[in-house]
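Undergrad: Any chance you can model this:
(chains A and B)
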Number of protein chains: 2
Amino acid sequence: MSEKIYVGVDIGGTAIKVGICNQSGELLHTYEGPTETSKGTDAIINNIAAYSRHIVDESPFAWEQVEGVGIGIAGFLDIPNGIVAFSGNLSLRNVPLKSILEEKLGKTVKINNDANVAALGEAWAGAGKGVGHCVMYTLGTGVGGGIIIDGKIVEGYASKAGELGHIQIVPDLEAIQCGCGKMGCLETVSSATGIIRMANDAVARGDRTTLSLVDNIMAKDVVDAAKAGDEVAIRIVNRAAYYLGKSLSVVSVILNPQRFIIGGGVSKAGEYLFEQIREAFVKLTPDPSQEGVEIVPATLGNNAGIVGAAGLIIRG
Amino acid sequence: MSEKIYVGVDIGGTAIKVGICNQSGELLHTYEGPTETSKGTDAIINNIAAYSRHIVDESPFAWEQVEGVGIGIAGFLDIPNGIVAFSGNLSLRNVPLKSILEEKLGKTVKINNDANVAALGEAWAGAGKGVGHCVMYTLGTGVGGGIIIDGKIVEGYASKAGELGHIQIVPDLEAIQCGCGKMGCLETVSSATGIIRMANDAVARGDRTTLSLVDNIMAKDVVDAAKAGDEVAIRIVNRAAYYLGKSLSVVSVILNPQRFIIGGGVSKAGEYLFEQIREAFVKLTPDPSQEGVEIVPATLGNNAGIVGAAGLIIRG
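TA: Numbers count the residues shown, from 1 in each chain, chains lettered A, B, ... in the order given. I've put the predicted structure just below:
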């Protein structure tokens, strides 16, 4: 029983998910408990520590086998120093999470942001396994991103690399303001929120679409309507796919990754969406920069976060 | 005399420049000889080897002190294997330059593309000295780019990273075709060629500008006219600066570098140009991604290539 194991923690606003991975990134055990955000900073940190110990206790592994604990968290971080500068959904501010947990657990702790960690998870053990240069997009409420070069997360000088949702890709004439305050970010069109907004706009404008019969339109409704031949929905999904493909093109000339991995709720639209993304990418990207580049769906789903968090200990 | 030295070679279509650097990237000696491109592949390679030996012979250093020879070259390369897949201006095709020169010289040889090498030179010993994360743009006939993360060149999976001139940044409605075959690349507006084209277009259109009095307009003429208050020239320079600043914004959200370094002939327009680039960058970039980011002129000039080539031996 001398195998090394790696604990990964994915901290969300309502639940903390914990997992144990082996050296190959296989997820061997998972556990989930409440974050208890409303109880404040100390409670959250105590829960992270408690769940990390608990999952090892209930596994066949010994605490001594734990090489370290990696943590994925949404917010602004100082990654090298392991400090959460600000996390809105957890109400954390200037919390030296790494050092507090290292003291509580007696293990190496590394933190990184949730989108970076998901990218590392996919690169380590998912859709990017064996590929050194991957870029991952997570299409959810927003558009998250993570960049892996030579198997490691690109953090940037101030821990702010990989903000792919804020690539300004929509031309001024059709751009709307993003939550970040700037105009035309990818997130305004290729996130679930963006797709829903375009659908609501179309309905409000009186466009002839089956979506006008749907209460509380979700991104999946738009995709389903598009697949069923609704012209308005087709245009919306195509726009989301086109600008995503265009942003892949921009990232390709800058970084020349081998594989783009697309995950998150919107990516469940499947090949219907991926074909349109690839079409835009192929059309817009200079030939040398698209040679051999693959655009594939993520494979780890919600587990990418815990796997990638565990991976921080090996590759962080 | 046991100091280690590093030989850098910058291969151009007409001249091969060679330099000796010490471990800090100080350029101690330079030498230049003809490339003799017309004499073919063997002659070019023999010249590289001869000039590399010659510069050491005429220096106070001994050949034994040479740690390696780094080479910057324009073209498509297989960087890890040191192969020149294709270099148009040198008429080279599938030349295993690294292995041939390692045999001829008995030293480690590394190759990389000219724009990457210039970026490494600036990062090592120029405008990016001491800064781990830099991105360099070279505004010349085209727009070249090089990305330095943690002090090292980002090569990409197929040696094609850093093609910043081909970021598609000009909206479709005003985009023209780039030499790469795609529409709206940065190079079409922010290179010397782009500036000259916009000026010639304005003159041909009959715009009222002092540039209509200039035979064979150069980029410097346009900058000078703008500085002198010519409205048409002002608009052209502003457009070149705006799209460059917008591309910096895109690179910032993706990579979060600490410093952008702008070199090449067009950058000689100086603060007049830099102020406009910074204005666009500040306007377009989300706050967290612009915090602490600097936009500065290159300092090594034409020597960036030989310094960076020498740097490949330490940082390649």
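Undergrad: Tell me what A:G33 is bridged to.
TA: Beta bridges link A:G33 to A:I16 when assigned by DSSP bridges.
Undergrad: okay but it is in contact with A:G12, surely?
TA: No: the criterion here is C-beta atoms under 8 Å, and A:G33 misses it with A:G12 at 11.1 Å. Every residue, glycine included, has its C-beta placed from N, CA and C.
Undergrad: These two: which has the busier surroundings?
TA: A:G12 (18 against 15; other C-beta atoms under 10 Å in any protein chain shown).
Undergrad: Give me the nearest residue to that one, chain neighbours excluded.
TA: A:T35 (6.4 Å; C-beta to C-beta, 6 or more residues apart in numbering or on different chains).
Undergrad: Compute the number of surrounding residues for the one you found.
TA: A:T35: 20 neighbours (other C-beta under 10 Å).
Undergrad: mind listing what the nearest residue to A:I11 once chain neighbours are set aside touches?
TA: Distance criterion C-beta to C-beta, 6+ apart; nearest residue to A:I11, sequence neighbours excluded, is A:I73 at 4.8 Å. Residues in contact with A:I73 (C-beta atoms under 8 Å, 6 or more residues apart in numbering or on different chains) are A:I11, A:V84, A:S87, A:L90, A:L97, A:I111, A:N112, A:N113, A:D114.
Undergrad: Tell me how far the residue of the stretch 51-200 of chain A found nearest chain B lies from B:G128.
TA: Closest residue of the stretch 51-200 of chain A to chain B, C-beta to the nearest C-beta: A:G156 (2.5 Å). Applying C-beta to C-beta, to the nearest Å, the value for A:G156 to B:G128 is 15 Å.
Undergrad: With neighbour numbers in mind, choose between the two.
TA: Set A:G156 next to B:G128 and count neighbours by other C-beta under 10 Å: B:G128 wins out with 29 against 24.
Undergrad: burial count for the residue lying closest to the more buried one once chain neighbours are set aside?
TA: Spatial nearest neighbour of B:G128, excluding adjacent residues (C-beta to C-beta, 6+ apart): B:C134 at 3.8 Å. Residues contacting B:C134 under the criterion other C-beta under 10 Å number 27.
Undergrad: what bridges to B:C134?
TA: On the basis of DSSP bridges, B:C134 is bridged to B:I148, B:R259.
Undergrad: Strands along chain A, start to end?
TA: Per DSSP state E, chain A carries strands over the ranges A:5-11, A:15-21, A:27-34, A:66-73, A:76-78, A:83-87, A:92-95, A:108-113, A:134-139, A:143-149, A:152-153, A:259-263, A:294-297.
Undergrad: would you turn these into CSV with mean pLDDT?
TA: Listed next are the strands of chain A as CSV, based on pLDDT from 0 to 100:
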stretch, mean pLDDT
strand A:5-11, 97
strand A:15-21, 98
strand A:27-34, 97
strand A:66-73, 98
strand A:76-78, 95
strand A:83-87, 95
strand A:92-95, 96
strand A:108-113, 97
strand A:134-139, 97
strand A:143-149, 97
strand A:152-153, 96
strand A:259-263, 98
strand A:294-297, 98
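Undergrad: what's the spacing between the residue nearest to A:G12 and chain B?
TA: To chain B, A:T35 is 24 Å away according to C-beta to the nearest C-beta, to the nearest Å.
Undergrad: For that residue, which residues are in contact?
TA: A:I11, A:G12, A:G13, A:T14, A:A15, A:I16, A:I44, A:N47, A:L90.
Undergrad: Let's see that with 10 Å instead.
TA: Each residue near A:T35 by C-beta atoms under 10 Å, 6 or more residues apart in numbering or on different chains is listed here: A:11-17, A:43-44, A:47-48, A:51, A:89-90.
Undergrad: Tell me the one of the residues you listed nearest chain B?
TA: For the contacts of A:T35, the nearest to chain B is A:N89 (16.4 Å; C-beta to the nearest C-beta).
Undergrad: thought that closest one was touching A:I11?
TA: Yes: using C-beta atoms under 10 Å, A:N89 is in contact with A:I11, at 9.2 Å.
Undergrad: Neighbour count: those two, which is higher?
TA: A:I11 (30 against 14).
Undergrad: where exactly do the helices run in chain A?
TA: Counting by DSSP state H, chain A has helices at residues A:41-57, A:97-105, A:114-125, A:187-190, A:192-205, A:219-227, A:231-255, A:271-284, A:287-290, A:304-315.
Undergrad: most tightly surrounded among those helices?
TA: The highest mean neighbour count among the helices of chain A, using mean count of other C-beta atoms under 10 Å in any protein chain shown, belongs to helix A:114-125: a mean of 31.
Undergrad: For chain B, tell me whether that one is touching it.
TA: No: counting by C-beta under 10 Å from any C-beta of the partner chain, chain B has no neighbours in helix A:114-125; the shortest distance is 11.4 Å.
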